[in-house]
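In: Okay, sequence plus prediction incoming.
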Amino acid sequence: MVPFFTYYSMFGFQRVGDLIWAAGDMRARGFLIGATAGRTTLEGEGLQHQDGTSLLSASTVPNCRAYDPAFGYEMAVIIQHGMQEMYAEEKDVFYYVMAMNERYTQPAMPKGVEEGIIKGMYLFSDAGKAKHKVQLFGSGTILNEVIAAAELLRKDFEIGADVWSVTSFGELHRDGVEVERANMLSADKKPALSYVERNLKDHKGPVIAATDYVRAYAELIRPYLQRTYVTLGTDGFGRSDTREKLRRFFEVDRYYIAVAAIYALVKDGELPASQVTAAMKKYGIDPKKPNPVTV
């Protein structure tokens, strides 16, 4: 029998944290499903249900494999791999998989993305050649806003944006730590590249990452990105409101992602700062709006 335990994700690692570590001592296996995950997917429920930190907490548990899938096919691949790892290969790990309650279109699974889903990231769409390019990372439900931001950048500013689905910043971080350690302990050999670096090798431009969690979650991979990296997240207390207004409040919607991308290109010296001002005006972004971290 395979145990599945589904609950409000906000009540997971915070309220049963000691039991999760005890499960490690017991060599427990199974699936924890963090339902209604994230800070903006569960509208109108109040702060006590807004989960912005559990994936960050999960990244500290050595035998926990934590994922934030955006689409059904990603969830299916993760569950199948977990079954294989825990019950066929008999590894003493458990899986923490986020689940959203937001309804949106489910695309068909692109060919050959299974490995990337498990390792933590894969290329969802390639913008092709463009004078100015950016790399957009999206995690979980916010991937939909990233996809929309890529279209805004193309249509309004002629900027090409490759879109990456990041299913686990935690797994990418672990890979980076492992590669960095191996390089240090064999310094006389050619350095290996982390999985993030290998994926981005042929994709130019700064990286912008947006998640439904605190910025510290996406920051886990900063050491393994040798380029401009801008993170957007849901730091602060938040509000009880609609998804659209919550994402605007936390500054993780498509318009803030687009502005962040243009800002990253400005930092790299590819665009004038006036382009950021123009984008903010076009998308109705008020620079005097209070920082969500402070309110």
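Out: Perfect, thanks for sending it. Numbering: from 1, shown residues only.
In: Every contact and neighbour count from this point should use C-alpha atoms.
Out: Will do.
In: Strands of the stretch 51-200 of the chain, residue ranges please.
Out: Using DSSP state E, counting those that start in this stretch, the strands found in the stretch 51-200 of the chain span residues 64-67, 94-98, 121-125, 133-138, 160-166.
In: And the ones you listed: which comes nearest residue 248?
Out: Smallest distance to residue 248 across the strands of the stretch 51-200 of the chain (CA to CA): 16.2 Å, for strand 133-138.
In: Just want the angle from that closest one to strand 160-166.
Out: 30 degrees (axes from the mean of the first three to the mean of the last three CA atoms, to 10 degrees).
In: what's next to strand 133-138, contact-wise?
Out: Residues outside strand 133-138 that contact it (CA atoms under 8 Å, 6 or more residues apart in numbering): 143-146, 150, 159-166, 203-211, 261, 265.
In: what stretches of the stretch 1-150 of the chain score poorly on pLDDT?
Out: For the stretch 1-150 of the chain, the stretches with pLDDT under 70 are 12, 43-46.
In: Can you name the residues that contact residue 61?
Out: Shown in contact with residue 61 (CA under 8 Å, 6+ apart): residue 21.
In: got the residue ranges for the helices in the stretch 1-150 of the chain?
Out: Ranges of helices in the stretch 1-150 of the chain, per DSSP state H, counting those that start in this stretch, are 17-25, 54-58, 72-83, 114-119, 143-157.
In: Tabulate those helices in a markdown table, adding columns for distance to residue 34 and mean neighbour count.
Out: Converted to a markdown table, the helices of the stretch 1-150 of the chain look like this (distance: least, CA to CA, whole Å; neighbours: other CA atoms under 10 Å):
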| stretch | distance to residue 34 | mean neighbour count |
| --- | --- | --- |
| helix 17-25 | 14 | 15 |
| helix 54-58 | 9 | 21 |
| helix 72-83 | 12 | 18 |
| helix 114-119 | 18 | 19 |
| helix 143-157 | 18 | 20 |
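In: Tell me which of the ones you listed lies nearest to residue 171.
Out: Here helix 114-119 is closest among those (CA to CA), at 6.3 Å.
In: Cheers, nothing more for now.
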